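Undergrad: What follows is a predicted structure for the sequence shown.
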Amino acid sequence: MEDAEDASDLFNPWRPSDWLDRPGDGIGIGIGVGIGVAKQATPNPLFTLHVPDTAASLETHHGLIGTGEIRALSGIRDDSHAFFKLPSLLRELADQEREAKPQTKPAAEKAQVDPEPKASSSLDGDDEELWLSQSNDAERPCEHRTWESFEQGHQGPRSPTFITEAGPAAFDALLVASQDTHDARPDVLDAAVYCAFLRSLALGRSSRLFSWDPGKNSFVKTAPHLRVSGLSLDLIQAIDSQCLCCGNSARLLQTFADATTYSAAASPTRVALAGIVDRLVTAVRSELSDHSRDVRSILQLQSVVQPACSVLSYFRELVKKLSEQTSDEGILSCLFQEAQASEYRDELLRDLTREVLRMLSKPWTDFVEEWLGLKAEEGIAMNKDGPGKGFIRVADKMWIDDRGFELEEADYFLDEDKVPAFVTDDMAQTIFETGRNLRFLREYHPEHPLTKPDVVCRMTPPKLAWEFDWDAISKLEASANRYRDAVSRAIQGMLPEAEPETNLSSPINGLKPGPVELRYFGKDDAEVEANIIASMQQLDQPLEDRRPQDELTRLLYERLYRTEAVPLDSGILSPHWDLVPLLSFGPVIEAQASLVNQECMKLLFSSHHLRIHIDLLRQYFLLGNGLLCSRLSHALFDPSLHTAERRAGVALGGGVMGLRLGGRQTWPPTSSELRLALMGVLSECYEPPLRPDQTTPSHGAAKSDLPGDLSFAVRDLSPEEIDRCMDPDSLEALDFLRLSYTPPAPLRPALPPTLLLRYDRVFRLLLRVLRMLYVANELLVTTTTAAAAAAATGGSGSGSESTASAARFRFEARHFIRQVAAYFFDVGIGAPWRRFERWLDAVEAECVNPSSGSAYRASRTGPTSTTTATTTAAAPVPTPPAPPAPTTTTAKRACPTPAALHARHEQTLDEIMAALLLRRRQAPVLRLLEETFAVVLRFARLSARRGVESTSASASAGCEGAGGGGGEAGEQRRETEEELYALFRKKVEVFLTVCRGLGEKMGAGAGGGRTAGSGGGGAVANPVEQLVVMVDMSGFYSGKRGGV
């Protein structure tokens, strides 16, 4: 017996295993160098050659685990030291089953158990013969082995662990067992057949199982209690619900598309929406049909239907919202809001909604392009004789002229209610003005390059379309700049050469050849052979893809069932939705607007001579021509001129004739008197502006024809106004006289009738002031006459007092009238007009050339200086500080539009009317001024009568009895003069008090005296405050004084 080994020697590589030397083992094998094989009578259970066949025992049991007679390899009952042994639980199960079986075994079974082969004989020979012997090999049947079966592997038959693994029959049996006996059992249908029905339902098609109900607008299941083997009724209903939603959405969308497309009352936007819906349904059906063709189970069909159902159900709700809108602009506005809300949805739905917005806006953008001139108009071009289109409305513009007649003229108007909500007010106004200015060019300058669609098309203008990322917006801005530069070169005469037309039938750039002509008669063999070969080549080409190639269809074909890898930062660089309309349409609209507006302004200044007409209005309506003021004063008021009144038996004199207002008893004059008295006054006083190539003003033929057919006319008055005109001594005696001016047709947008009405109101007031200036100058003559008459008659003390009051009245009235006139002409009209002329110079220099603006500035000084000299010769008036000249930034700004010119012109007239107290809220102040003028006219009439009486009294100084009657008359005159003087003082004081309050109110409202329209220059004084200073600089009327 070997000595006991050390137990601590764990890592001895020559130590044999304990399993090789067990008590009772039959074979002992030593492993290692120098270890022999010990032969024993009982074989070792680890290396026994007998392997029991347990397959038969396993087949005889139907349990989940075969628990037949299980024995150890050596047959030893005590297997606590065995290497391969069963767990304790399985041993217990084996023992229990062995106890339950009968202990008797048939003799045949015992005979089958072969005794253990004796290894002594075989071990005596060669050891390798034991392993090479084929007598102990297990017999296996022949099998057909393939690589497919090798990859799949082979699993022996086993019983299922869960009920779902037992097959559909077990699940159906369970459902039947759990179902109440009183309930109707659902019929079971084959899965493949039911999948076909569900596929047709998802595509929106009727079948024997699902039919369309028009009353419910939904598909209805003809057999509600119907299911598929292996699936519960609840699961079938859930799948039916999803396919039903998909089918109903597809059917309703297709019905909407068909009904809208063929509707006679459908608008272009609704027709476009119907086309989009039709493409969407067709593409989704095509993809759904392709991917559901190879479906093998209902669950797989559910996964295929889910993407299509989500898209169709979303657009079903979207179309429902859009169909509720009553107008095209409402549809676009609603879709814009939905596209903005889709940012938080699935990426596919977001991109689809953006594309639908782009496609649905196509009719609106096409109309905007046609209105702006970016593309040729389709069909009949829109004009002022038609009803209008889109947000452009054609209607009659009505106004009432100064004669009271209603005038109508068709014009374009912006219908703001038909503008989509995403278009800002400034953008809509820019679009409208650009299109209207383009119609001006087409009407009066049809040869201009901007009016020719072929020229504009050659410049490749960018299209109006929605852009949602910064890269596309940058490319759009670059394209708009290139288009603007190309059109500018074309306007200057550098047109690009027209590209030759491309023959579409030639096989160029991979295009397919044209149709082949197969004719054999009259042709030789070579031509027939060539045609046949060409036909064969055409037939060899692949079939044309008839599917729509738009972006919407492409998105559905590529991304409905195939998810693209979208970068994580794809949505970071997209602009905000409030800026998307401005960034998408703004660059193109601004480029076209700048081109059209600049050309319109250039033609207004150069071809239509706008400055000449504006200068004419300044000279005549605003009395800016000094020569005109002098001639008109003498023709209307000078009593020394020959009368133009016709008298019976009296021939008219050959001298200069006038109306002699104040020196006649009959009034108003007849039309013949007006023509004779005012003949040549307008034409002889006209001073045309200098052209750039002129150094002296032209005469002769230029004065014979006034711009706009300027002439005198009679104003249409109301009965009350006619009654006031009948009195020659009243202030309204000349209200019937007006100037008639008709601007040329190209200048009517720049000089509309509303501006001419304001000019007429100013001319009416200035004509009264001109009369008061003449009366104030005549008061000096009556003063000298009265003093001479008093000296000749030896006036008493009371006469001296009356003469003193009259003298005070004359001097104060003359001072008041001249200062008011100087304020009207120099401050009220001169200051705003000078600012307007500087603005016009800057605009003309920007639109035409710098030299023209300087020429006009040089030509403005003549008439204005003459007026100043005429009205303020006796009393110089302090001129208000002029605002600074336009800065470089103002001069380099973009060329304004004709609408901006009209607005600036209207603003200037508003400033003038505010300074001249012609605004509606200033009517009480103007009434005070007119009452003061009326008192002066009464005094002038009284002075004229007194002068006549004084002359008569001096002629009969030696007559007797003249003293008593003369004393009574002098006493009456003394009281009248004093009353008029007191009334004049009172009116002037009240007028100045009201003007002070009005000046303080206007100064506070204007922000410290800054004049509107000064272009951001320095602050100028309040005009009404200047009037108070000019009239009462010394505080004469504001001081506390007693009697006279």
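TA: Noted; the coordinates are in hand. Numbering: from 1, shown residues only.

Undergrad: following the least confident helix or strand in the chain by mean pLDDT, which helix or strand shows up next?
TA: Least confident helix or strand of the chain, by mean pLDDT, DSSP states H and E, is helix 888-891 with a mean of 35. Sequence-wise, the next helix or strand downstream of helix 888-891 (DSSP states H and E) is helix 898-915.

Undergrad: Packing partners of that following helix?
TA: On a contact count with 3 or more CB pairs under 8 Å, 6 or more residues apart in numbering; DSSP states H and E, helix 898-915 meets helix 425-444, helix 580-606, helix 753-793, helix 831-847, helix 1023-1031. C-beta coordinates here come from the backbone N, C-alpha and C atoms, glycine included.

Undergrad: Check these for me: which has the lowest mean pLDDT.
TA: Here the lowest mean pLDDT among these goes to helix 753-793, at a mean of 80.

Undergrad: Can you mark which positions in the next helix or strand after it are buried?
TA: Using DSSP H and E, the next helix or strand after helix 753-793 towards the C-terminus is helix 797-822. Buried residues in helix 797-822, defined by neighbour count with 16 or more other CB atoms under 10 Å: 799, 802-803, 805-806, 809-810, 812-822.

Undergrad: Same check on stretch 268-285?
TA: Within stretch 268-285, the residues scored as buried using 16+ other CB under 10 Å are 269-285.

Undergrad: what do you get for stretch 600-612?
TA: Judged by neighbour count (16+ other CB under 10 Å), stretch 600-612 contains these buried residues: 600-605, 608-612.

Undergrad: Output the residues you listed in JSON lines; the columns should cover distance to Pro160.
TA: Converted to JSON lines, the buried residues of stretch 600-612 look like this (distance: CB to CB, whole Å):
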{"residue": "Cys600", "distance to Pro160": "88"}
{"residue": "Met601", "distance to Pro160": "91"}
{"residue": "Lys602", "distance to Pro160": "92"}
{"residue": "Leu603", "distance to Pro160": "93"}
{"residue": "Leu604", "distance to Pro160": "94"}
{"residue": "Phe605", "distance to Pro160": "97"}
{"residue": "His608", "distance to Pro160": "98"}
{"residue": "His609", "distance to Pro160": "103"}
{"residue": "Leu610", "distance to Pro160": "98"}
{"residue": "Arg611", "distance to Pro160": "102"}
{"residue": "Ile612", "distance to Pro160": "105"}
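
Undergrad: Now, the buried residues of stretch 268-285 that are in helices?
TA: Of the buried residues of stretch 268-285, the ones assigned to helices by DSSP state H are 269-285.

Undergrad: Need the per-residue pLDDT for Thr670.
TA: The model reports Thr670 with a pLDDT of 81.

Undergrad: I'd like to know how many residues surround it.
TA: Per other CB atoms under 10 Å, the neighbour tally for Thr670 reads 12.

Undergrad: With Asp385 instead?
TA: A total of 7 residues lie near Asp385 under the criterion other CB under 10 Å.

Undergrad: so who does it touch?
TA: 394, 410 (CB atoms under 8 Å, 6 or more residues apart in numbering).

Undergrad: is it true that it lies in a helix?
TA: No - assessed with DSSP: H, G, I helix; E, B strand; the rest coil, Asp385 is coil; it does not lie in a helix.

Undergrad: do you know how far it is from Ala395?
TA: According to CB to CB, to the nearest Å, Asp385 and Ala395 sit 12 Å apart.

Undergrad: how's this protein carved up into domains?
TA: What the TED database lists as the domains of the chain is 166-324, 361-495+573-607, 608-646+654-686+706-741, 752-788+803-850+895-949+976-1003+1023-1043.

Undergrad: Take those and lay them out in TSV including distance to Ser333.
TA: TSV is the format used below for those (distance: least, CB to CB, whole Å):
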stretch	distance to Ser333
domain 166-324	10
domain 361-495+573-607	4
domain 608-646+654-686+706-741	40
domain 752-788+803-850+895-949+976-1003+1023-1043	26
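
Undergrad: now the angle between helix 1023-1031 and the helix or strand hosting Arg946, please.
TA: Element membership for Arg946 (DSSP H and E) is helix 923-955. Put simply, helix 923-955 runs at 20 degrees to helix 1023-1031, going by axes from the mean of the first three to the mean of the last three CA atoms, to 10 degrees.

Undergrad: Now do the phi/psi pair for Phe413.
TA: Main-chain torsions, Phe413, degrees, to the nearest 10: phi -130, psi 150.

Undergrad: count of residues packed around the closest residue to it other than its chain neighbours?
TA: Spatial nearest neighbour of Phe413, chain neighbours left out: Arg393 (4.7 Å); criterion: CB to CB, 6 or more residues apart in numbering. By the criterion of other CB under 10 Å, Arg393 has 16 neighbours.
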